[in-house]
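**Student:** mind folding the following:
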Amino acid sequence: MKCGVAGLVLGLGIVTAGCGKDTPTTPTTPTTPTGPTTSVFASRLTPGGAVSRSFGATTAGTITVMLTNAAGPFTRVGLGLGVPTTGIAKCALSTALSTAASSTPQISAPVDAGQYCVTVYDLGTLTTTIDFSVTLVYP
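**Tutor:** Coordinates of the predicted model:
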């Protein structure tokens with residue numbers, strides 16, 4: 001019996017489903033983060049200036065911020081962590097401190113999933129533009 005005739009005899013809904021050339025689909029598994037993200041934020045800081053970078057934490061966890069370079073071991077700048085905002089600084093700081101470059105994190109903060117930002121700013125002591133780099137580790 002052909003598929004069309006069987007469909008008439010047994011009912012279109014039952015047999016018609018078996019007559020097509022359906023391609024089986026493989027279900028997809030959602031990906032989950034395997035660990036924290038590490039990124040390096042490097043830029044130039046001018047006297048009286050501030051530079052910010054936004055990033056997103058995909059889950060709750062801890063953010064660490066480490067100023068790894070700032071024109072030498074004795075150059076102090078402002079370093080802060082906050083949430084993105086509008087305006088000149090583009091980052092509303094919840095934590096801020098004066099620091100020199102270090103090999104250990106200067107800021108460590110528990111956070112929920114969401115958008116955050118880090119800012120490096122002149123404390124009023126820079127006389128020339130400097131290069132800096134910050135290492136961020138976030139969930």
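
**Student:** in this protein, where is pLDDT below threshold?
**Tutor:** 1-34, 88 (pLDDT under 70).

**Student:** what segments of it are helices?
**Tutor:** Along the chain, counting by DSSP state H, helices occupy 3-10, 12-19.

**Student:** separation between the residue nearest the centre of the chain and Leu97?
**Tutor:** What sits nearest the mean C-alpha location of the chain, by CA atoms, centre = their mean, is Gly56, with 3.2 Å. Separation of Gly56 from Leu97 (CB to CB, to the nearest Å): 23 Å. C-beta coordinates here come from the backbone N, C-alpha and C atoms, glycine included.

**Student:** go on, Leu136?
**Tutor:** Taking CB to CB, one finds Leu136 at 16 Å from Leu97.

**Student:** more neighbours, these two?
**Tutor:** Ranked by neighbour count (other CB atoms under 10 Å), Leu136 and Leu97 place Leu136 first, with 21 against 15.

**Student:** got the contact list for the more buried one?
**Tutor:** For Leu136, the contacting residues are Thr37, Thr38, Ser39, Val40, Phe41, Arg53, Phe55, Ile63, Thr64, Val65, Met66, Val118, by CB atoms under 8 Å, 6 or more residues apart in numbering.

**Student:** for the residue nearest to the centre of the chain, list each beta-bridge partner.
**Tutor:** Gln115 (DSSP bridges).
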